[in-house]
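Peer 1: Predicted structure and sequence below. I'll ask about it afterward.
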Amino acid sequence: GRLTTMRQLAMFLLVGGFAAAVNVASRIVYSWAMPLAPLAAAVVLAYLTGMVVAFCLNRWLVFQNASDDVGRRAGRFAVVNALAVLQTLAVTLLGAPALRAAGMTHNAETMAHVVGVAVPVFTSYLMHKRWTFSSRPQA
């Protein structure tokens, strides 16, 4: 019912928020550990780190009927997140220089990355609910 959907969405947002924090924190660590690598490399590695955390927590806490066929679900999760990582990467790489040009000289990359991580939240929820973790028979 509706209450279940709202609770599920709330849990998805909490899990997503935690995974996003892991994503952003790990991007900072990756940028520090690989100072000569481009920002894009750190963003992609951070996104993958957050994605693993998100899959495990979504499977365990949000879409609890998704215990079957973990490999197929993980593959679908990866497809949805591959689309989302492209959004994240575009927003981060376009946003950071725009913020610097607007006068933000401190943490422009981190701010752009936070916005980039937030962009695909709702489309990802719908795709995961209706496709990745659907309780309907998997085609």
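Peer 2: Good, I have the coordinates.

Peer 1: list the contacts for the residue nearest to residue 84 when sequence neighbours are not counted?
Peer 2: Nearest non-adjacent residue to residue 84, counting by C-beta to C-beta, 6 or more residues apart in numbering: residue 120, 3.7 Å away. Every residue, glycine included, has its C-beta placed from N, CA and C. Going by C-beta atoms under 8 Å, 6 or more residues apart in numbering, residue 120 touches 83-84, 87-88.

Peer 1: likewise residue 30?
Peer 2: 37, 41-42, 45-46.

Peer 1: please redo it, this time with the cut-off set to 10 Å
Peer 2: 37, 39, 41-46, 49 (C-beta atoms under 10 Å, 6 or more residues apart in numbering).

Peer 1: For the helix or strand where residue 116 lies, name the packing helices and strands.
Peer 2: Residue 116 is part of helix 108-118 when elements are defined by DSSP states H and E. Packing partners of helix 108-118 (3 or more C-beta pairs under 10 Å, 6 or more residues apart in numbering; DSSP states H and E): helix 2-33, helix 39-57, helix 70-101.

Peer 1: Which residue lies closest in space to residue 90, excluding its sequence neighbours?
Peer 2: residue 116 (7.5 Å).

Peer 1: any idea how far that neighbour is from residue 87?
Peer 2: Distance, residue 116 to residue 87, by C-beta to C-beta, to the nearest Å: 7 Å.

Peer 1: Look at these two and report which has more neighbours.
Peer 2: residue 116 (26 against 16; other C-beta atoms under 10 Å).

Peer 1: wait, isn't the more buried one in contact with residue 94?
Peer 2: Yes: between residue 116 and residue 94 there is a contact at 8.9 Å, judged by C-beta atoms under 10 Å.
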